[in-house]
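A.B. asks: I would like to see how this sequence folds:
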Amino acid sequence: MSAGITNGQAARFRVRVADRRVVAEDVVTVDLAPVGDAPLPSWEAGAHIDVEVAPGTERQYSLVATTPEGHWRVAVLREHDGRGGSVAVHEGFAVGHEVVVGGPRNHFGFDASRPAVFVAGGIGITPISAMVAAAETAGTPWELHYAGRSRAGMAFARELHEAHPDRVTVVAGDEGGRLDVTGLLAGPRDAIVYCCGPRRLMDAVEAAAAHWPTDSVRIERFEPAADVDAPGEAFAVELAVTGETLTVPADRSVLDVAEEAGVFVLSSCREGTCGTCETPVLEGTVDHRDTVLSPAEQADDRTMMICVSRAASGCRKLVLEL
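C.D. replies: Predicted structure coming up:
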């Protein structure tokens, strides 16, 4: 992954639902059109947007395509045991409905200069499908391995396989299929592995490709890290722009403290998954608890997600570009 938009650079604007279609069991695509004359911003494969699914509630959805009309397309899985965001989309986003969105931003960039091995699980196909299109346009060698619980619930599976039968493998659990991640990634190649899907699949891909060269595995996660709520220590944060120094208690985030002090900070998920609150780090070492930055980017300590990440143990002060 590559560091994306830092805090304060993402646009927020209104769009309207131009079309809505059921594309698989519990999956709908929603086409979003601009409100007004200005066209929607351009984006690259792997990008996502923040969608205000209800007042004060935002969710992140990967962009699938730009339609011939210049509209953005996202695909949303109805999560029956979720927190209600996807239900709000399925039940409330009728044609003509207006909604506020933010972005686009991209921490899951596609590199067309190297062959691609795409691994998708369930609704994780959304950013991967855009990458497939980008690879085709660029002439990049690629292959897709797409797994799901049932073929009926696998959005875009039929279209992708029919268009590229020699490059697309569809593995459906209800048909007895199981994706052999270890075998697939046993031997390193001059390729990049791109993976999005359930946590178990992404963890398996990272483990199976641990012997691959650095920066050869790129993961898109929209779930918080397991240690996001781990105990922390109090530390100081110096705001380089204002010169103010704030104290961050052990049980509060940098984002909470900054907002309380009247600092304007763009934020969305507050779980370290979306990248909205990404902030440059000028001094100090960070205990990174996000699922946005790659291990290499976290090791660089050049930026952090201030909604969850903290000063590392023993680091008494961070200097941030706020």
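A.B. asks: mind listing the helices for the stretch 101-250 of the chain?
C.D. replies: In chain order, the stretch 101-250 of the chain shows helices spanning 125-138, 157-163, 181-184, 199-208, with DSSP state H, counting those that start in this stretch as the criterion.
A.B. asks: Out of those helices, indicate the one that is most buried.
C.D. replies: helix 125-138 (a mean of 22; mean count of other C-beta atoms under 10 Å). The way it works is simple: take the backbone N, C-alpha and C, and place the C-beta from them, glycine included.
A.B. asks: Give me the contacts around that one.
C.D. replies: 44-48, 61-65, 74-75, 108, 110, 112, 116, 118-120, 140-142, 144, 146, 154-157, 160, 164, 194, 196, 220 (C-beta atoms under 8 Å, 6 or more residues apart in numbering).
A.B. asks: Send me it as CSV with only the CA atoms.
C.D. replies: In CSV, the C-alpha atoms belonging to helix 125-138 read as follows (Å, rounded to 0.1, in the frame of the first residue of the first chain):
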residue,chain,number,x,y,z
ILE,A,125,-14.2,-8.3,-4.9
THR,A,126,-15.2,-4.7,-5.1
PRO,A,127,-11.8,-3.0,-5.2
ILE,A,128,-10.3,-6.1,-7.0
SER,A,129,-12.8,-5.8,-9.8
ALA,A,130,-11.6,-2.3,-10.5
MET,A,131,-8.0,-3.5,-10.5
VAL,A,132,-8.9,-6.2,-13.0
ALA,A,133,-10.2,-3.5,-15.3
ALA,A,134,-7.1,-1.4,-14.8
ALA,A,135,-4.8,-4.4,-15.5
GLU,A,136,-6.7,-5.1,-18.7
THR,A,137,-6.4,-1.5,-19.8
ALA,A,138,-2.7,-1.4,-19.0
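A.B. asks: what's the average pLDDT for it?
C.D. replies: Average pLDDT, helix 125-138: 98.
A.B. asks: Same check on stretch 245-255?
C.D. replies: Taken as a whole, stretch 245-255 has an average pLDDT of 96.
A.B. asks: How about stretch 159-178?
C.D. replies: 96.
A.B. asks: Now do that stretch: distance from first to last residue.
C.D. replies: Distance between the two ends of stretch 159-178: 21 Å, counting by C-alpha to C-alpha, to the nearest Å.
A.B. asks: Return the set of buried residues in that stretch.
C.D. replies: Neighbour-count burial for stretch 159-178, with 16 or more other C-beta atoms under 10 Å as criterion, is recorded at 160-161, 167-168, 170-172.
A.B. asks: Tell me how far it lies from the chain's centre.
C.D. replies: Distance of stretch 159-178 from the chain centroid (C-alpha atoms, centre = their mean, to the nearest Å) equals 24 Å.
A.B. asks: What lies in contact with it?
C.D. replies: Among residues not part of stretch 159-178, those counted as contacts by C-beta under 8 Å, 6+ apart are 129, 132, 142-151, 154, 157, 179.
A.B. asks: Which of the residues you listed are buried? Put it as a PyMOL command.
C.D. replies: When burial is assessed using 16+ other C-beta under 10 Å, the buried subset of the contacts of stretch 159-178 is captured in PyMOL by this command:
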select buried, resi 129+132+142+143+144+145+146+147+148+151+154+157+179
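A.B. asks: Output the below-cut-off pLDDT ranges for the chain.
C.D. replies: 1-10 (pLDDT under 70).
A.B. asks: Could you chop it up by domain?
C.D. replies: Listed by automatic domain parsing, the domain ranges of the chain are 12-105, 116-220, 235-320.
A.B. asks: Can I get those domains in CSV including distance to residue 228?
C.D. replies: Compiled in CSV, the domains of the chain are given as follows (distance: least, C-beta to C-beta, whole Å):
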stretch, distance to residue 228
domain 12-105, 15
domain 116-220, 13
domain 235-320, 5
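A.B. asks: Tell me which of the ones you listed lies nearest to residue 227.
C.D. replies: Evaluated over the domains of the chain, closeness to residue 227 peaks at domain 235-320, with 5.8 Å, by C-beta to C-beta.
A.B. asks: What is the end-to-end distance of the closest one?
C.D. replies: Taking C-alpha to C-alpha as the criterion, the two ends of domain 235-320 lie 13 Å apart.
A.B. asks: ditto for stretch 306-313
C.D. replies: By C-alpha to C-alpha, one end of stretch 306-313 lies 16 Å from the other end.
A.B. asks: Now do the buried residues in the longest strand along the chain.
C.D. replies: Of all the segments assigned as strand in the chain under DSSP state E, the longest by residue count is strand 12-24. Applying a neighbour-count criterion of 16+ other C-beta under 10 Å, one finds 15-18, 20, 24 buried in strand 12-24.
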